[in-house]
Structures are given as structure tokens and as C-alpha cells.
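> attaching a predicted model along with its sequence, questions to come.
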2 protein chains.
Amino acid sequence: MKLTILKEHLNESIQHVSKAISNKTTIPILSGIKIDADSRGLTLTASDTDISIQSFIPKEKNELSIIQMERPGSVVLSSKFFVEIVRKLPAQQVEIEVKDHFQTIIRSGSSEIQLVGLDPEEYPTLPSIEENRRIQLPSDLLKTMIKQTSFAVSTNESTPILTGILWTIADQKLKFTACDRHRLGSRETPVEVDANFQLNNISISGKTLNELSKILPDQNTLIDVIFAENQVLFKLSSILFYTRILDGTYPDTSKLIPQSYQTEMVINAQQLAEAIDRAYLLSREEKTNIVKLIMREDHTIEVSSSSSELGKVTEQLEVQSLTGELLRISFNSKYMLDALKVMDSELIRIGFTGAMQPIIIRPEEASTLLQLILPYRTTN
Amino acid sequence: MKLTILKEHLNESIQHVSKAISNKTTIPILSGIKIDADSRGLTLTASDTDISIQSFIPKEKNELSIIQMERPGSVVLSSKFFVEIVRKLPAQQVEIEVKDHFQTIIRSGSSEIQLVGLDPEEYPTLPSIEENRRIQLPSDLLKTMIKQTSFAVSTNESTPILTGILWTIADQKLKFTACDRHRLGSRETPVEVDANFQLNNISISGKTLNELSKILPDQNTLIDVIFAENQVLFKLSSILFYTRILDGTYPDTSKLIPQSYQTEMVINAQQLAEAIDRAYLLSREEKTNIVKLIMREDHTIEVSSSSSELGKVTEQLEVQSLTGELLRISFNSKYMLDALKVMDSELIRIGFTGAMQPIIIRPEEASTLLQLILPYRTTN
């Protein structure tokens, strides 16, 4: 292999694929990045077996020559040092030459770097994926849906299935659900699929989807999402992002969500978030995060938290509307802040069905977004 | 105590004094901020016994009323929660009222915060300092001098005196010296003092001076520095910053610095820094940081580092001038990068007196700044 490539393109691809490299890998070759050069361009691959990312750099793009290919070939280079050195090379042009025993020479300006290369034949092959189950999603929508649900996945590795976001499709609607047994976040969107297209029990690691988010463009470019037996493939313009489907059966969470409310409140989202944030500061010092909400007849609510050692925070807030039974309810202020943060609506509607029943937070207008948090049982 | 104060002024003072609060304090009252209100204004004090910071907020400033004082008094408030809550209060005005048993009420907009206060009588008094040994330094110069030397202090707590920057005054010149036994940074500046004013063995913690730096204004405002028996006091316009002088005798480092050189090289600082940075990336992976410099007859140098496992980085650089014996010398690339970073000069002059003797780095023009690093003994 011998070629010359524009540094910025090589660097961008390396930054993308390196997200798949884990420091904890026990398979030495997976600490490397595989580089394949052929007549079309350069393909970079990295994998930690759970995620695999492939990035393609074409020889030319918009009539700009990116790669001068002298001799095709392949090599695996240890990512540890390679990722950083390419970013810091002095010149715009980078020459890569692979010699005997995969010894690799990188030249740029007055720098020459010799790297010990590994045999690309030893690199695992990526899963081959049949394209029969495929949907298309706008990139920015996918990013928003991940942001609105991923914080609610479980961080407890003893129930791996709950560390993922559940993808379901029924009635031409795609739904994301994340649930850590104390709270739930869900978001729905219509998708263009056949009326009988169904998707069940596809749970994809929340961490992985957050990594994907960093690569997804902010525009509404369409992303292909392909579902195979135990893999999902996200196809961006020049990037393939493979991820494993989590093992296990995702619990049925539909019964958690009440169909009607005893009490309903419409309130300004930002004012509520700021008041709860101040109460959170104190509740966090207590390591409980407990905040109490008391509803009053005069259409105000009181949000408070207290600590015998430090003191008490009390916040008075007006609500837009308050119907039904007046409640006193306690909850985890951090969970409420997380839910309020993704609301994207000035006014929100909070539904209650009793002091020990789930609290439902939604934008005021009928919406595809729903957040649920379970209240705390408190003594008063 | 009862008063109303503009939030931004209270917050700024809290941010300043809170730099003196240590999470590790074993004296409970020192985890608090002392607040004293009198007819002149509000004084905040925080201390970890090594550092004490006092900030004063006047009742008015430039005809703007900052404080409405209803009743003077004092209280100590636990800083943990107080520092953050004041920043997040909803309104511009903050009311503080201290009731019986130092119970403190903070009101702002719709928020009411009750804090458990502590008895200010239990708070240690600040050292009283005689003003007979005093110098004045422009704030920006003091910041620069700290930046140019503090990175070279020792981080080894077994020789506390070396964790400080040594301040000496002789012949109307102030000199900062920092030395961790492997490298040395020094910077000198003229000061307006009596010809016989001397300062010896004043070592002030590098960490503390970096904290001071964050408070120092970027302008050339004059700062009073007062030297007492075992304390130094920095007087800013509304802040008093007290710090302890480190115990012990600072070693004589003057003999480390060679009076003449066998080899002298003038080189572009940025080009050398970038080349060493690339070599550093590899040397860091090897956990040695060793970089080798080889001088050639054609007025070029080669900078290289190598690792049997990863490979080798080789950099060719032209030098502006090279006189004396051609050397091969190895050194810690991280130390060299630290020294180059504070050079503030396009061209620098590096002096050598042999492969095992200290390397001296200075700006090309005669300068008050000097960096020294000891070379590594290597096998080839």
C-alpha cells in the first residue's frame, strides 16, 4: 500500500471510527484501526465487537482530488498513537506507505513516523447484513429522539436489556422507550413503512446510541437503519455504524402509564425547572434528591426540600391551570430536571393519579413525547 | 443582621473567597464562609489555615447602591450549598436575615432559603500583619511570573519547600525560582524598593499562587505584597489574600546554571515545540517521555523518539544558528514542552555544556526568563 491523502479527510475519518475503540479490549488487534486502500478510495474500520464503525474516503469528491493512490493494500495500525499523531502532522499532505511485515511509514512535511503494523487478515470481518428490514429516518430527528430518551436508560449492568433504548414499530409508528425502573422516557414518530411492518424487542445500548449521535449530522439528511437478526446497521453517507441488539426480553412498560389523571396541572416549564434546580441543590447535599410538591387551592404550588443539617429551600410558583384533587407528592428532583430539560415546549402538562402513582410529564399540546417518574414514599 | 444586597456583587465575592475552602478540612467551622455586616458594608472571609481570603463589598460604589443595611451582625454559613444557591437565585435582589441561634433566611423572588448558621465567634481570627516589608507589583506582571515558573515546582509532598516558588529580592530585583530537581524555571523583574531591601527563603506554594492568579486582574493595577514573619498578604482593591510561607530552607540552585556554553543554538520556538510535541506523543505511550536531539553539521537537528512496540517518530528541523560542539542529548519531552510554552519569543536560544549537563532555554534576546532542564542518561 502506498498513497498520499489530504490530512483533514484522513483525520475526520479516524475521529469517526475511533469512537468504536475500547480501551478495555482483550483482543489485541481490536485496539487497532484497519485501513484498506483500493481503486475507489480508503476504508477505515474500528470495532469493539459491540460496535463497529466503517468510514470511507473516496479518491475524489466534488472534483477535489483527496487521494493519490500508488499501490492498493491493507494494514492494521495501533490506534493509541495513530489517532493523535495524524491530527498533529505538520503538512496538509500525508503519505502512507506499507512495507514488508506491515511496517508502515507516514510522512508529512519534515516528520517521518514509522509504525509497527499488524496483519489485516487477522482482523475480524464485519457482520454481513441483509437489507430486507430497513427504515429511513431524518438524522436530526433521530438525534432528538435519542436525546429525549437515552438519559432514562438503566446504568445497572445486571439487567443489560434495560441499559438499552427499546425500538418498536407498529401501525407505521416508531417508538423509543427507555426505563430504569424509577422513570421512563418515550418518544414516538411516524415512519414510512408497510402497514404490516412490525418491530419488537429491539433494545440498543443507550451509550452506543449517544456515540452514534455524535457522528450523526444535524441536518435532516435521511439515515438508513437496517435491522438484522442480532445487529442494527446505521448507514450515513460515508459511514457504516453497526451495533449489537441487546440480549433478553424487554419488560412490558405500557401498563405503567395511567390512562386518566386524578389531578392535572399546566405550568411554565422553565420556571418549574429553575425552582426544582434550587431545591435539587439542597436535596443533593442530603444525597436523597427528594423534593416535595404541595398543591394549594389558590392555584399555586410549593416546591421544597430540607435537610436537618443544612436548612430548607421553599419555592412558591403560580400554575397556569390546576384541575382535580390537590396532592402532596415527593419525587427525585434529578429525574424531574432530566425530564423537564427535554420538553422543548414553554408550557407543560403534568398528570397525577395519586401520591404513590406515576407522574406523567408532557408538553401542553398533545405530543409524541412522554416522561414518567415514580414518586417517593415519604413519611409526611 | 438584616440586609438586602445585589446578587451579582454577593456572588462575585463568594466566588473569590470560596477558593480558600478545602473539602478536606478537619475544622468544621472552616467549611463555612464568615459574613460580617457593618456600617461600611459586607465582609466575607474563608480560610483553610494555609490560605485565607477576605472580600469586601461596600454599601455603594460609583453612586450605585449595592447594600441596604437594616441591622449589622455576623454569621458563618456552610459553603457547600450556599456558594451554589446564591448563583441560582431568581431575582437581582437578595435579602439576608439572621435570626436567633444564627438561623439565616435568604429571600429572593419567590424563593426562601433557611440555612443553619454557625456562631462567628468560633471562627479563627486572621493573622495581623505588620506592613513594614511591602512591595508593589503590577497585577498582570505577577500573573505572568507565576505562569512562567509555577509548572516547575515539585509535586512531591515529601519536600514541601520545593512545592513552592522561591521569592528573592536583592539589588532591587525580584526573582521567582521553581525547581523540582529535574528542571528549574526562573523569572526576574526590577522592583522599586530601597537598595538594601533583601528577601530570602520566602517559598510560597505554587498551587496557592495559581489560585491567586485566578483572582488577579489582567490589567497592570498595582498589587501590594506584604511579607510578615510566616505569612504573605496580597492586597487587591477589595480582596485580601493571605498565604503561609513554607517551612524549611530552599536549596541553593544558583550553581546549577552554567556560566558559559559549549554549544549554543538559536531556533524557532513554535517549530521546535510542534516537532517535540509529535515526538512526545510516542514517548508518552512508552511512559518515559524520552526524546533524543541530534545536531548535524548542515545546521539541522533531528528530534526523535522510539518504542519497540509502536514505532518511531523522526523530525528534521533547521536551526537559525548553531555554534560549538555538535551534541547528541536526550531529555524529558514534557519538560521541554512546558519550558517552550512560556517563552513568549519567536526565536529562542538553547545552551548546552555537554550531553550530561543542564540544558538552558531562554528567549533569543537577553532576557529575565530562564528555563533549565536536566538531560537523561541514555545508552546511545
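Ah, there it is. Numbers count the residues shown, from 1 in each chain, chains lettered A, B, ... in the order given.
> show me what contacts the closest residue in space to residue A:102 that isn't next to it in sequence?
Closest residue in space to residue A:102, ignoring its immediate chain neighbours: residue A:117 at 3.3 Å, by CB to CB, 6 or more residues apart in numbering or on different chains. Placement of C-beta: from N, CA and C, glycine included. Residues in contact with residue A:117 (CB atoms under 8 Å, 6 or more residues apart in numbering or on different chains) are A:75, A:76, A:77, A:98, A:101, A:102, A:103, A:104.
> most widely separated two among the residues you listed?
Using CB to CB, those span at most 13.4 Å, a distance reached by A:77 and A:101.
> which among the contacts of residue A:117 count as buried?
Buried subset of the contacts of residue A:117 (neighbour count, 16 or more other CB atoms under 10 Å in any protein chain shown): A:75, A:76, A:77, A:98, A:102, A:104.
> so the third one sits right up against residue A:33, yeah?
Yes. Because the distance of 5.7 Å satisfies CB atoms under 8 Å, residue A:77 is recorded as touching residue A:33.
> just the CA trace of the one helix or strand residue A:175 maps to, in CSV.
Element membership for residue A:175 (DSSP states H and E) is strand A:173-179. Coordinates of the C-alpha atoms in strand A:173-179 are reproduced here as CSV (Å, rounded to 0.1, in the frame of the first residue of the first chain):
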residue,chain,number,x,y,z
LYS,A,173,-45.1,4.5,14.1
LEU,A,174,-41.6,4.2,15.6
LYS,A,175,-41.4,4.4,19.3
PHE,A,176,-38.3,4.8,21.6
THR,A,177,-38.7,3.7,25.2
ALA,A,178,-36.1,3.9,28.0
CYS,A,179,-36.8,2.8,31.5
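> I'd like the mean pLDDT over it, please.
What strand A:173-179 shows for mean pLDDT is 98.
> so, low pLDDT: which residues of the stretch 201-350 of chain A?
Across the stretch 201-350 of chain A, nothing is flagged by pLDDT under 70.
> residues from it in reach of chain B?
The stretch 201-350 of chain A has residues A:274-275, A:277-278, A:281-282, A:285, A:309-317 near chain B, with proximity defined as CB under 8 Å from any CB of the partner chain.
> which pair of these spans the longest distance?
Farthest pair in these, by CB to CB: A:309 and A:317, 26.0 Å.
> which parts of the stretch 151-300 of chain A are helices?
A:206-215, A:269-285 (DSSP state H, counting those that start in this stretch).
> most packed of the ones you listed?
helix A:269-285 (a mean of 21; mean count of other CB atoms under 10 Å in any protein chain shown).
> who touches residue A:321 in this structure?
So residue A:321 contacts A:264, A:265, A:266, A:299 (CB under 8 Å, 6+ apart).
> on that earlier part again, in strands only, show me the buried ones among the contacts of residue A:117.
Among the buried ones among the contacts of residue A:117, DSSP state E puts A:75, A:76, A:77, A:98, A:104 in strands.
> hmm, residue A:348 is touching residue A:267, no?
Yes. Using CB under 8 Å as the test, residue A:348 is close enough to residue A:267 to be in contact (6.3 Å).
> looking at these two, which is more packed in?
The neighbour comparison of residue A:348 against residue A:267 (other CB atoms under 10 Å in any protein chain shown) goes to residue A:348, with 26 against 21.
> nearest residue to that one other than its sequence neighbours?
Nearest one to residue A:348, counting by CB to CB, 6+ apart, is residue A:269 at 4.6 Å.
> hang on, isn't that neighbour packed against residue A:346?
Yes. Counting by CB under 8 Å, residue A:269 touches residue A:346, with 6.4 Å between them.
> spit out the contact partners of residue A:176.
Counted by CB under 8 Å, 6+ apart, residue A:176 has contacts A:145, A:146, A:148, A:149, A:165, A:166, A:167, A:185, A:186, A:187, A:188.
> contacts for the helix or strand harbouring residue A:14 next, please.
Using DSSP H and E, residue A:14 sits in helix A:7-17. Residues outside helix A:7-17 that contact it (CB under 8 Å, 6+ apart): A:33, A:42, A:44-46, A:53-57, A:66, A:82-83, A:86-87, A:89, A:91-94, A:108, A:215, A:238-239.
> one more: stretch A:124-137?
A:27, A:29-30, A:45, A:47, A:49, A:52, A:54, A:169, A:174, A:189, A:191-193, A:197, A:199, A:222-228, A:231, A:233, A:240, A:242.
> before we move on, what about stretch A:85-95?
A:2-8, A:10-11, A:14, A:105-111, A:113, B:274-275, B:277-278, B:281-282, B:313.
> one more time with 10 Å
A:2-11, A:13-15, A:68, A:70, A:77, A:96, A:105-113, A:115, B:271, B:274-275, B:277-282, B:310-311, B:313, B:315 (CB atoms under 10 Å, 6 or more residues apart in numbering or on different chains).
> let me have the helices of the stretch 151-300 of chain A in a markdown table, extended by distance to residue A:363.
Below are these laid out as a markdown table (distance: least, CB to CB, whole Å):
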| stretch | distance to residue A:363 |
| --- | --- |
| helix A:206-215 | 22 |
| helix A:269-285 | 8 |
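> among those, which comes closest to residue A:255?
helix A:206-215 (22.4 Å).
> what's the angle from that closest one to strand A:173-179?
120 degrees (axes from the mean of the first three to the mean of the last three CA atoms, to 10 degrees).
> gap between helix A:206-215 and the chain center?
4 Å (CA atoms, centre = their mean, to the nearest Å).
> same check on stretch A:240-248?
Using CA atoms, centre = their mean, the mean C-alpha position of stretch A:240-248 is found 13 Å from that of the whole chain.
> from the contacts of residue A:176, which land in strands?
Those of those lying in strands (DSSP E): A:165, A:166, A:167, A:185, A:186, A:187, A:188.
> who are the contact partners of the last one?
With contact taken as CB under 10 Å, 6+ apart, residue A:188 is in contact with A:145, A:168, A:173, A:174, A:175, A:176, A:177, A:367, A:368, A:369, A:370.
> can you redo those residues as TSV with distance to residue A:20?
Formatted as TSV, the contacts of residue A:188 follow (distance: CB to CB, whole Å):
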residue	distance to residue A:20
A:145	22
A:168	26
A:173	31
A:174	25
A:175	27
A:176	22
A:177	25
A:367	34
A:368	31
A:369	30
A:370	32
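> all strands of the stretch 101-250 of chain A, in order?
Using DSSP state E, counting those that start in this stretch, the strands found in the stretch 101-250 of chain A span residues A:104-108, A:111-115, A:117-118, A:134-138, A:164-170, A:173-179, A:183-190, A:199-205, A:222-227, A:231-235, A:239-244.
> now those strands as JSON lines including distance to residue B:153?
Formatted as JSON lines, those follow (distance: least, CB to CB, whole Å):
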{"stretch": "strand A:104-108", "distance to residue B:153": "36"}
{"stretch": "strand A:111-115", "distance to residue B:153": "33"}
{"stretch": "strand A:117-118", "distance to residue B:153": "42"}
{"stretch": "strand A:134-138", "distance to residue B:153": "54"}
{"stretch": "strand A:164-170", "distance to residue B:153": "48"}
{"stretch": "strand A:173-179", "distance to residue B:153": "48"}
{"stretch": "strand A:183-190", "distance to residue B:153": "47"}
{"stretch": "strand A:199-205", "distance to residue B:153": "44"}
{"stretch": "strand A:222-227", "distance to residue B:153": "52"}
{"stretch": "strand A:231-235", "distance to residue B:153": "49"}
{"stretch": "strand A:239-244", "distance to residue B:153": "46"}
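> can you say which of those strands is nearest to residue B:292?
With CB to CB as the yardstick, what comes closest out of the strands of the stretch 101-250 of chain A is strand A:111-115 (14.3 Å).
> elements contacting that closest one?
strand A:73-78, helix A:79-87, strand A:93-98, strand A:104-108, helix B:269-285, strand B:300-307, strand B:311-318 (3 or more CB pairs under 10 Å, 6 or more residues apart in numbering or on different chains; DSSP states H and E).
> I'd like the ones you listed laid out as TSV, including distance to residue B:37.
Below are the helices and strands packed on strand A:111-115 laid out as TSV (distance: least, CB to CB, whole Å):
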stretch	distance to residue B:37
strand A:73-78	63
helix A:79-87	54
strand A:93-98	65
strand A:104-108	64
helix B:269-285	52
strand B:300-307	60
strand B:311-318	62
